[in-house]
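just the structure for this:
(2 chains)
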2 protein chains.
Amino acid sequence: MEDKWFVGVDLGGTSVKLAFIQEEGEILQKWEIPTDKSEQGKNILPDIAASILNKITELGETKERLSGIGMGAPGAVDKEQGIIYEAVNLGWPKNYPIVKILGELSGLPVDIDNDANCAALGEMWKGAGNGAKDIACLTLGTGVGGGIIVNGNIVQGVKGAAGEIGHITIVPEGGAPCNCGKTGCLETVASATGIVRIAKEEIIKYEGKSSLKELYKNKGIIEAKDVFDCMSQGDSLSKKIIDHITHHLGLVLANIGNVLNPEKIVIGGGVSKAGNLLLHPLQNYFKQFAYSAVAVSTELVIATLGNDAGILGAAWLAKNNRY
Amino acid sequence: MEDKWFVGVDLGGTSVKLAFIQEEGEILQKWEIPTDKSEQGKNILPDIAASILNKITELGETKERLSGIGMGAPGAVDKEQGIIYEAVNLGWPKNYPIVKILGELSGLPVDIDNDANCAALGEMWKGAGNGAKDIACLTLGTGVGGGIIVNGNIVQGVKGAAGEIGHITIVPEGGAPCNCGKTGCLETVASATGIVRIAKEEIIKYEGKSSLKELYKNKGIIEAKDVFDCMSQGDSLSKKIIDHITHHLGLVLANIGNVLNPEKIVIGGGVSKAGNLLLHPLQNYFKQFAYSAVAVSTELVIATLGNDAGILGAAWLAKNNRY
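Numbering: from 1, shown residues only, chains lettered A, B, ... in the order given. Have a look, this model is predicted:
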């Protein structure tokens, strides 16, 4: 019998990433299509199904080569019912039955999970998790996402809201407002957006000389990357800002460590590209705040799969449910 | 074939609680023996084995009636290896092979877990968890213990340190020293000991009239219970103290809720006897700090089994591993 392939789909607000992936996690073919959010997103699933079927024909294969579709979607899902509770960014109505619709359109079995959970599964399977079965993942991007894996499975929670690490309250009083409606969430501090917000506040207050301050004056904007870059060149204001960020993030990770004592905590997303500039101060605060047995046994690592984490984790979902 | 019984053992620093428990969780016989900590605790396991065998004879039964022993022990354990890493309170050497020793002494299969984890399993099986498979439990006693259950199983963590909720850092700067070596742990605030410490500090600072202050002046000591009692009689200093405690505890529980979105968070231990005086303010802070989907779906409840949680959870361990 020929090898079966799995389809990994990472559905985002701007584009859909797709891939054919073989059983061991090798990416055979990878492509993207735009996300058509018009008309309450009713074309999104038909576009995905058509794109998969076109691509398999293009490769001189037939649908029989495909074992199933796994998809990560931007919102909390009910895996059993195959629905996404809410996906504000896509225009879909509440409780949209993804699995049924995409299954009928494609003629293939479909499994879904939240996109942050898929990224976590991808890192567990082929990335920084390195096969560890108990990991916590967080994605520091525009927002902060999270996925918790216990014994090789994503923890869903009673309403699909497990892994909402970005909305852990880290500034209980006087915190900045968060998109979720609360204030002082981790996302307001440790996302790329949060880092920029804090950097701007600190720049205004800072009276000394600073390359970051100069940069902001000249360009009119700064990015999270600029803060790390300036810090690496010795700018003390930038160092202070990153110290503030990693103090808060390290405390959250230590507290997650105390609850789950996972083998690894994997840090991904755009901000994680800062590598050791982020990881080293974070490790220091983690060790300061974690219970002693956790501090020595739970390891903080940077994610390794980049943008492929989502499609790989989605394919893992499909694979895991077929075998 | 006759019903088989399970032995539930809850090993504490002062006494050992034992019980014969039938398959459905009915406690058939319950008794206690003192914990003999002399000579590095070498008599503890022989005493337990002898007590079980004596009791079964006393009841006119034989060992064949017993299907296995489950035991909760005060420290982090490695279930696979059957060892307890460290049990400072009992005098045992490090990595003490409980399962092997007690198995040989009793001639029965033995399963172990940490005592807080057993209490969590007990509450899941027969108590406030009410059969829910995803719960977090914490015990507010002299210290603060915790147990995390995902999909019906205790989360152990890579070094047995999952569920160390008591050592979540809740006062990151200027917190009180904790027995674990850190400062500002939840245990320094929300344990009975922590409540008394904070109450005494507040009494000294408080200049108004207060029944709690009077009580302390007259008795020379106060207990956590006194603070709740005075609050229920309208004492505003006591209300302020409980507000401070529940603010911190509610924040921790909300953050655990965001990570796991469990069906229930079960609060046990001596402090939980305050019932709604504790639960109601706690629920308010929980809802304030939890992510919206978590706030409406994760329920805070008071434990219902009291001192029986440990023996029931220990028996569940034995039952779960036999079938």
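
now the end-to-end length of stretch A:163-182.
By Cα to Cα, to the nearest Å, the extent of stretch A:163-182 from end to end equals 17 Å.

just stretch A:167-178 next, same as before
Stretch A:167-178 end-to-end distance (Cα to Cα) = 8 Å.

let me see the backbone angles for residue A:29.
Main-chain dihedrals, residue A:29, degrees, to the nearest 10: phi -150, psi 140.

the helices in the stretch 101-250 of chain A, which residues?
Along the stretch 101-250 of chain A, counting by DSSP state H, counting those that start in this stretch, helices occupy A:115-126, A:187-190, A:192-205, A:211-219, A:224-232, A:236-260.

so how far is the fourth one off the chain centroid?
Yep, that's helix A:211-219 we're talking about. Distance of helix A:211-219 from its chain centroid, counting by Cα atoms, centre = their mean, to the nearest Å, is 30 Å.

tell me the mean pLDDT for it?
What helix A:211-219 shows for mean pLDDT is 97.

give me the contact list for that helix.
Applying Cβ atoms under 8 Å, 6 or more residues apart in numbering or on different chains, the contact partners of helix A:211-219 are A:199-200, A:203, A:206, A:222, A:226-227, A:230, A:233, A:235, A:237-238, A:241. For every residue, glycine as well, the C-beta is placed using N, CA and C.

of the residues you listed, which is the most crowded?
Of all the contacts of helix A:211-219, the most densely surrounded is residue A:227 (29 neighbours; neighbours counted as other Cβ atoms under 10 Å in any protein chain shown).

and the strands in the stretch 51-200 of chain A?
All strands of the stretch 51-200 of chain A, identified by DSSP state E, counting those that start in this stretch, fall at A:66-73, A:77-78, A:83-84, A:110-114, A:135-140, A:144-150, A:153-154.

the second one near chain B anywhere?
No - using Cβ under 8 Å from any Cβ of the partner chain as the criterion, no contacts between strand A:77-78 and chain B are found, and the smallest distance is 11.8 Å.

picking that back up, got CSV for the strands of the stretch 51-200 of chain A, with mean neighbour count, mean pLDDT and distance to residue B:215 too?
Supplementary listing: these in CSV, determined by neighbours: other Cβ atoms under 10 Å in any protein chain shown; pLDDT from 0 to 100; distance: least, Cβ to Cβ, whole Å:
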stretch, mean neighbour count, mean pLDDT, distance to residue B:215
strand A:66-73, 25, 96, 57
strand A:77-78, 21, 90, 52
strand A:83-84, 24, 94, 56
strand A:110-114, 25, 95, 52
strand A:135-140, 30, 95, 45
strand A:144-150, 27, 95, 45
strand A:153-154, 18, 92, 51
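
looking at the ones you listed, which is nearest to residue A:194?
Proximity to residue A:194 (Cβ to Cβ) singles out strand A:144-150 among these, at 7.9 Å.

now residue A:304. Its backbone dihedrals?
phi -120, psi -10.

ok, residue A:220 next?
Note on residue A:220: its backbone torsions stand at phi 80, psi -20 [degrees, to the nearest 10].

that one: neighbour count?
So residue A:220, with other Cβ under 10 Å, has 7 neighbours.

now swap in residue A:37 and tell me
Residues near residue A:37, counting by other Cβ under 10 Å, number 16.

also the one 5 residues further on?
Residues within reach of residue A:42, counting by other Cβ under 10 Å, total 15.

likewise for residue A:52?
Number of residues near residue A:52 (other Cβ under 10 Å) recorded here: 23.

do the same with residue A:212
25.

measure it to residue B:84 for me?
51 Å (Cβ to Cβ, to the nearest Å).

rewinding a little: out of the contacts of helix A:211-219, what pair is the most spread apart?
Greatest spacing in the contacts of helix A:211-219, by Cβ to Cβ: A:200 and A:233 (19.3 Å).

ok, which residues in the stretch 201-323 of chain A are in contact with chain B?
Checking the stretch 201-323 of chain A against chain B by Cβ under 8 Å from any Cβ, the hits are A:247, A:251-252, A:254-256, A:258-263, A:289, A:291-294, A:296-298.

which among those residues count as buried?
Buried members of those, counted by 16 or more other Cβ atoms under 10 Å in any protein chain shown: A:247, A:251-252, A:254-256, A:258-263, A:289, A:291, A:293-294, A:297-298.

residue contacts, the spatially closest residue to residue A:163 that is not a sequence neighbour?
Closest residue to residue A:163 apart from its sequence neighbours, by Cβ to Cβ, 6 or more residues apart in numbering or on different chains: residue A:146 at 4.2 Å. With contact taken as Cβ under 8 Å, 6+ apart, residue A:146 is in contact with A:116, A:120, A:136-139, A:163-166, B:259.

if you set the cut-off to 6 Å instead, what comes out?
Residue A:146 makes contacts with A:116, A:138, A:163, A:165, as judged by Cβ atoms under 6 Å, 6 or more residues apart in numbering or on different chains.

just residue A:35 next, same as before
Applying Cβ under 6 Å, 6+ apart, the residues near residue A:35 are A:14-16.

equivalent analysis for residue A:4, please.
residue A:67.

could you check the pLDDT of it?
pLDDT for residue A:4: 92.

need the residues of the stretch 1-150 of chain A near chain B, please.
residue A:150 (Cβ under 6 Å from any Cβ of the partner chain).

what about the stretch 1-150 of chain A, any weak spots by pLDDT?
Along the stretch 1-150 of chain A, the model assigns pLDDT under 70 to residues A:1.

nearest to chain B: which residue in it?
Residue nearest to chain B within the stretch 1-150 of chain A: residue A:150 (4.9 Å; Cβ to the nearest Cβ).

now do the nearest residue to that residue once chain neighbours are set aside against residue A:125, distance only.
Computed as Cβ to Cβ, 6+ apart, the closest residue to residue A:150 that is not its neighbour in sequence is residue B:150, at 4.9 Å. With distances taken as Cβ to Cβ, residue B:150 is found 20 Å from residue A:125.
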